[in-house]
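>>> this one's sequence-less:
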Ligand code: EPU
């Protein structure tokens, strides 16, 4: 039975530990809970908001409507042949548990995405990525429920219009669908992506020449732990901003002024500049104002050090953006959704 609560404080359900009240709130454990919630919202004319792991959101004011905390879980192999397996996970499953499930079954493709916060359902919305792999590289399809009609629809990768930290679910279809499950197509033979950052170097350090899946997972875990704050101790939402994509001409002009500017080629002939570098050079790495600051080991991660309010965070990011704009004439764009 679906239990609907009133005036529920949302901060404990976010990794930044910042929130406000939801007018109405319910936890979903099953598809029938979801169906009941859709009917309830229609009857009461309330807008539905979906909360997964709360790891990519800054709730800055009361949420009017019905907030659904998605805890519909489970992963299973739905098809398998000699070359690949299709694995489907329900959207409320914890992303890292899903990655563990695939690793335990000896399937290749998700290992670089180990330890990304959040749930399976949030992964396609922003096409999560890390260490040279994005969800779109292994995505097969997803099942989504239309929040207006309750009908199920299957979305292929093409339908999702994946791009860097982006999909159709952030634009035309924002708020329209409940992502119910995600299916990935994984290889049964090793096919590692080791070129990003220090993965290869870390393997060499350990004298590992022919890595196994669990070696990669271990290395990713260590690289992340060395750089990223632990959300249980230092509430944060991962990268707060997106890396910046600029034209080649603009990057060449910047490189003349800053020869050490890190840059990577991106799709459409664009050049990607790490926002962490820009923030660091603008003087904000490890800088705190009151209870908010940018992490000292990865300047792209904003940390709530001591009970910050949404207002304090918003004032702080305004300063970060202004400093980057002043120094580089570039605009930072939030990766975190601000509600
Ligand atoms: N850098 C600095 N100073 C910093 C941080 C970064 O100079 O304080 C520069 C360095 O040159 C470094 C480069 O930025 O080599 C890239 O840094 P890093 O490898 O840490 O990755 P990122 O581009 O900052 C992205 C994702 C992360 C993902 C990592 C690893 C985005 C917005 N972020 O960060 O994703 O874990 O790559 O693949 O694309 C997230 O989305 O929440 C997230 C954590």
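Yep, that arrived. What you see is a predicted model, and the numbers here were worked out from it, not measured in a lab.
>>> Kindly report the residues of this structure close to the ligand.
130-131, 196-197, 227, 238-239, 242-243, 262, 274, 276-277, 280, 285, 298-300, 335 (Cβ under 6 Å from any ligand atom). Quick note: C-beta positions are derived from backbone N, CA and C, even for glycine.
>>> How is this protein divided into domains?
If you go by automatic domain parsing, the domain ranges for the chain are 5-70, 75-187, 236-338.
>>> got CSV for those, with mean neighbour count and mean pLDDT too?
Putting these into CSV (neighbours: other Cβ atoms under 10 Å; pLDDT from 0 to 100) gives the following:
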stretch, mean neighbour count, mean pLDDT
domain 5-70, 18, 96
domain 75-187, 19, 97
domain 236-338, 17, 96
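>>> and residue 220, which of the ones you listed is closest to it?
With Cβ to Cβ as the measure, domain 75-187 is the member of the domains of the chain nearest residue 220 (4.9 Å).
>>> circling back: with residue 205 as the reference, name the closest of the domains of the chain.
It is, among these and with distance given as Cβ to Cβ, domain 75-187, at 16.2 Å.
>>> list the contacts for the residue of the stretch 101-250 of the chain found nearest the ligand?
Taking Cβ to the nearest ligand atom, the ligand has its nearest neighbour within the stretch 101-250 of the chain at residue 238, 2.6 Å off. By Cβ atoms under 8 Å, 6 or more residues apart in numbering, the contact set of residue 238 is 15, 55, 56, 116, 117, 228, 301, 335, 336.
>>> just residue 91 next, same as before
The neighbours of residue 91, taking Cβ under 8 Å, 6+ apart as the test, are 52, 70, 72, 119, 120, 121, 178, 179, 180, 181, 182.
>>> Can I get these in JSON lines including secondary structure?
Output for the contacts of residue 91, formatted as JSON lines (DSSP: H, G, I helix; E, B strand; the rest coil):
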{"residue": "52", "secondary structure": "coil"}
{"residue": "70", "secondary structure": "strand"}
{"residue": "72", "secondary structure": "coil"}
{"residue": "119", "secondary structure": "strand"}
{"residue": "120", "secondary structure": "coil"}
{"residue": "121", "secondary structure": "coil"}
{"residue": "178", "secondary structure": "strand"}
{"residue": "179", "secondary structure": "strand"}
{"residue": "180", "secondary structure": "strand"}
{"residue": "181", "secondary structure": "strand"}
{"residue": "182", "secondary structure": "strand"}
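>>> Next up, phi/psi of the residue nearest the centre of the chain, please.
For the chain, residue 128 is the residue whose C-alpha lies nearest the centre (Cα atoms, centre = their mean; 5.0 Å). Backbone dihedrals for residue 128, given as degrees, to the nearest 10, come out at phi -60, psi 150.
>>> Residue 120 is in contact with that one, correct?
No. Using Cβ atoms under 8 Å, residue 128 is not in contact with residue 120, being 10.0 Å away.
>>> so what sits against both of those two?
Residues touching both residue 128 and residue 120 by Cβ under 8 Å, 6+ apart: residue 95.
>>> Look up phi and psi at the residue of the stretch 101-250 of the chain closest to the ligand.
Taking degrees, to the nearest 10 as the convention, residue 238 sits at phi 70, psi -150.
>>> cool, and residue 301?
Residue 301 has phi and psi values of phi -100, psi 120 when expressed as degrees, to the nearest 10.
>>> which one is it nearest to, not counting chain neighbours?
residue 295 (4.2 Å; Cβ to Cβ, 6 or more residues apart in numbering).
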